[in-house]
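Colleague: I'd like to go over a predicted model; first the sequence, then the structure.
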Amino acid sequence: MAVYLDHNATTPLHEAVFEGMRPWMSSSTGNPSSLHRFGRLQRDAIERAREQVAALVDVHPEQVIFTSGGTESNNLQIKGLVAATGAKRIALSAIEHMSLLEPAAHAAPDCAVDSIAANGAGYISTEALEQSLKPDTALVSIMAANNETGVIQDIVKLAACATQGGAWFHTDASQAAGKIEVSFRQWGVHAMTLSAHKFYGPQGAGALIVDRRLPLRAQLHGGSQEKGLRAGTENVPAIVGFGIAAELAQTELAQRSAHALALRSRLEARLARMPAVRIFAQQSHRLPNTVQFGVSGFDGETLLMQLDRAGFAVSSGSACTSGKSEPSHVLRAMGVADEFALAAVRVSFGRGNTGAEVDAFAQALSNIVDRMSNSAVMMAATI
Amino acid sequence: MSQATINKPIYLDYSATTPVDDRVISVMLGYLGRNASFGNPASRSHMYGWEAEAGVEQARADVAGLIGANPKEIIFTSGATESDNLAIKGAAHFYSKKGKHIVTCKTEHKAVLDSCRQLEREGYEVTYLDPESNGLIDLAKFEAALRDDTILVSIMHVNNEIGVIQDIAAIGEICRGRNIIFHVDAAQSAGKVDIDLERLKVDLMSFSAHKIYGPKGVGALYVRRKPRVRLEAQMHGGGHERGMRSGTLATHQIAGMGEAFRIAKEEMAAENARILGLRERLWEGLKDMEEVYINGDIDQRIAGNINISFNYVEGESLLMALKDLAISSGSACTSASLEPSYVLRALGRNDELAHSSIRFTIGRYTTEQDIDYTITHVRAAVDKLRELSPLWDMYKDGIDLDSIEWAAH
């Protein structure tokens, strides 16, 4: 099997998460809303997980609303707030995930959506935010770390700026949690999205962390689960796994980030020797595990196929938009030239990767680049 | 983790949720952990993603296989609640230009009723039909409720509290004849009643995995292709599931759902016969008690459900007295409230009878011993509670309780 270098798309379950979930998958049954013992045990498990997730982002457990994942959390944030407040205007950064951009687009035309520009380094500046803030902007949403480039925003400043402008502030921390310190309280945000499967938890579990004053209306109806904000029988094993993954994300954070950073530096040193390669947002403050680069003169699809054939699982950017042959909206927002943006490769490391794998990847990439530029030269010569 | 393992209470609450079948677990394990196909099924650039996608597609075929659908008609969701929300709000929004009237029934699951209530807030009009006293819908009354501006009908296949089976074939014919979209909540019927969507004139159908020995956190919505039914997506961002439901697919859960549906197709007939035998055994053991009533039609009913009112016994006290049995007084989703079941009230049961009802739901792992133990304990508990009940005394003395005018305090 190929070397997996696509941890921003999804991560394998942590062994301890797997062990912890296992009994809840099989030997334990019961609907957490049932009053009998089976049900109560399930309810207790959910509440324990709520505490673990709360601890990861430094909030009270009551602030955690469990959902089916990051996409649902982001949808709930946008649509739930617009429905609850009748907001006429919201603002999102230009580099948000589709699960924020698309629900926002569906809020139009009743609610105007302003796009907050990113600069060439991948940052959202407070100046750009101020320019986008209008007196009636009800909500600002800026992601904590970008899934493609890994660029980390200064959420403390941005949240303060939005709050001063009278808006609620939401941050999608799906890619940040488990990779950098995340503190709801210190960041001063009003809402935050988390996704379990991005940090060694299971697919199918996420959360929206909320300030209790934040106005929200449920988007899934039919039951009073999650304080009436999210109906539906809770996915107990996944929630249990989410809780354990959150706890591990805290205890292993330093170790994971040091490990990833060492791998990234090692790769970037090799990439620096390849003239056709340009690393995006290289000078910016980025997630320790993420490096995205473009290879001049290449078609992205071909490059990814060649890398797959050589035994390396990477992607161009977001898994959710994969299969499209346009430059990503993130790179376009940063003004990256098509020459590089069309041949983007995102490498995202995880706790299982090794230095040897990095070397092998760099070697394979270098071979592919050489081989293909040679054949291009040869083709040019024959014409 | 031993705290998650319980042997003692007998589980007779299969309509609330079911244990996951071991065969389902082993399929799910193939998608969990480093050495498994753990990828994101939306990843198009490597084998991890392709393997996960193949697992999702296999599951889609298995789900479709049980219900006579084309795999392309299956949309995966986070559960039946989401499926119901997507079907009802999605269809109502899409067809709002045709009309804004919806017909449903008072005994539907909360996910249907609350979705309808939301649509009412948005300016739609909803007719909530009363069922007959046996829980079934009268087709003539149903037809009379339809209007020229009716765009959607939502009627559940099997009721979660009383287990009665609605005649969705006939309702579907009526709807199709009038060009009305027909949604069916089949969370409680899949794997228990034959469903053939090639023949049934159903346009949208909701499914849950955890009600048929699959995992929690996953469900599906069947969306008919011929004639084509359209929906407005309710969750956006990425365009997964043909644009109808965005969000990373939880591969292991979906694979588990597929396996659960595959097993159900294979074993349903034999399992139903066995479960029906157990239900009859339970009723045989209880029916000679005084003042016990079955709620809902006994013939048009799934094998695994029996809902009994024990008159002059308060349901909650009975549940407390039967701690060794995991049973419920109705839907798990409303069990935190002490209100009598809205389903039983819709059947015309008075509050006292509705309050004294217990739902026993029997399933794959129920044994004859479980049933016999249940009979003994229920009889003893009811007798004991009635001994303490002044109402029971009055009843035994021949006093007509309905004639008493209670003093107000």
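Modeller: Yep, that arrived. Numbering: from 1, shown residues only, chains lettered A, B, ... in the order given.

Colleague: Determine the longest helix present in the chain.
Modeller: In the absence of a named chain, chain A is used. With secondary structure taken from DSSP state H, chain A has its longest helix at helix A:355-382.

Colleague: wait, I meant chain B there
Modeller: Under DSSP H, chain B gives helix B:251-286 as its longest helix.

Colleague: what are the pairing partners of whichever helix or strand comes after that helix, and which direction each?
Modeller: Remark: after helix B:251-286, the chain's next helix or strand is strand B:292-294, criterion DSSP states H and E. Take DSSP bridges as the rule and strand B:292-294 pairs in its sheet with strand B:305-310 (antiparallel).

Colleague: Could you pull out the buried residues of stretch A:57-67?
Modeller: For stretch A:57-67, the neighbour count (16 or more other Cβ atoms under 10 Å in any protein chain shown) marks A:V57, A:V59, A:Q63, A:V64, A:I65, A:F66, A:T67 as buried. For every residue, glycine as well, the C-beta is placed using N, CA and C.

Colleague: again, but for stretch A:90-109
Modeller: A:90-104, A:106-107.

Colleague: among the residues you listed, which are in strands?
Modeller: A:I90, A:A91, A:L92, A:S93 (DSSP state E).

Colleague: beta partners for the first one?
Modeller: By that I understand A:I90. Here A:I90, judged by DSSP bridges, has bridge partners A:V113, A:L139.

Colleague: pretty sure it is touching A:K134, no?
Modeller: No - using Cβ atoms under 8 Å, A:I90 is not in contact with A:K134, being 10.1 Å away.

Colleague: Need the overlap of contacts for the two.
Modeller: In terms of Cβ atoms under 8 Å, 6 or more residues apart in numbering or on different chains, A:I90 and A:K134 are both contacted by the residues A:D114.

Colleague: quick one, strands of the chain?
Modeller: Looking at chain A here, since you left the chain open. Applying DSSP E to chain A gives strands spanning A:3-4, A:64-67, A:89-93, A:112-116, A:139-141, A:168-172, A:191-195, A:206-210, A:277-279, A:290-295, A:312-313, A:344-348.

Colleague: wrong chain, I was asking about chain B
Modeller: With DSSP E, the ranges of strands along chain B come out as B:10-11, B:74-77, B:101-105, B:125-129, B:150-154, B:181-185, B:204-208, B:219-223, B:292-294, B:305-310, B:325-326, B:357-361.

Colleague: export these to a markdown table and tack on mean neighbour count and mean pLDDT?
Modeller: Converted to a markdown table, these look like this (neighbours: other Cβ atoms under 10 Å in any protein chain shown; pLDDT from 0 to 100):
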| stretch | mean neighbour count | mean pLDDT |
| --- | --- | --- |
| strand B:10-11 | 22 | 95 |
| strand B:74-77 | 28 | 97 |
| strand B:101-105 | 24 | 98 |
| strand B:125-129 | 17 | 98 |
| strand B:150-154 | 25 | 98 |
| strand B:181-185 | 28 | 98 |
| strand B:204-208 | 29 | 98 |
| strand B:219-223 | 28 | 98 |
| strand B:292-294 | 16 | 96 |
| strand B:305-310 | 24 | 96 |
| strand B:325-326 | 24 | 94 |
| strand B:357-361 | 26 | 94 |
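
Colleague: Does the longest helix of chain A reach chain B?
Modeller: No - using Cβ under 8 Å from any Cβ of the partner chain, helix A:355-382 never reaches chain B; the gap is at least 12.7 Å.

Colleague: Pick the most buried one from the strands of chain A.
Modeller: strand A:191-195 (a mean of 30; mean count of other Cβ atoms under 10 Å in any protein chain shown).

Colleague: how about the closest residue to A:L267 other than its chain neighbours, what does it touch?
Modeller: Leaving aside its sequence neighbours, A:L267 sits nearest to A:V358 (Cβ to Cβ, 6 or more residues apart in numbering or on different chains; 5.0 Å). Each residue near A:V358 by Cβ under 8 Å, 6+ apart is listed here: A:L263, A:R266, A:L267, A:R270, A:F349.

Colleague: Going by neighbour count, which of those comes out on top?
Modeller: A:F349 (29 neighbours; other Cβ atoms under 10 Å in any protein chain shown).

Colleague: Surely that one and A:N289 touch.
Modeller: Yes - using Cβ under 8 Å, A:F349 is in contact with A:N289, at 4.3 Å.

Colleague: hey, what's in contact with both of those two?
Modeller: A:H7, A:A260, A:L263, A:R264.

Colleague: Which member of the residues you listed is positioned nearest B:G237?
Modeller: B:G237 lies nearest to A:H7 out of the shared contacts of A:F349 and A:N289, by Cβ to Cβ, at 20.3 Å.

Colleague: how about the residue nearest to the closest one when sequence neighbours are not counted, what does it touch?
Modeller: Excluding the flanking residues, the one nearest A:H7 by Cβ to Cβ, 6+ apart is A:G350, at 3.8 Å. Residues in contact with A:G350 (Cβ under 8 Å, 6+ apart) are A:Y4, A:H7, A:T11, A:P12, A:A260, A:N289.

Colleague: and stretch B:93-102, how far from the chain's centre?
Modeller: 26 Å (Cα atoms, centre = their mean, to the nearest Å).

Colleague: Please see if it touches chain A.
Modeller: No - contact of stretch B:93-102 with chain A (Cβ under 8 Å from any Cβ) is absent, the minimum separation being 10.5 Å.
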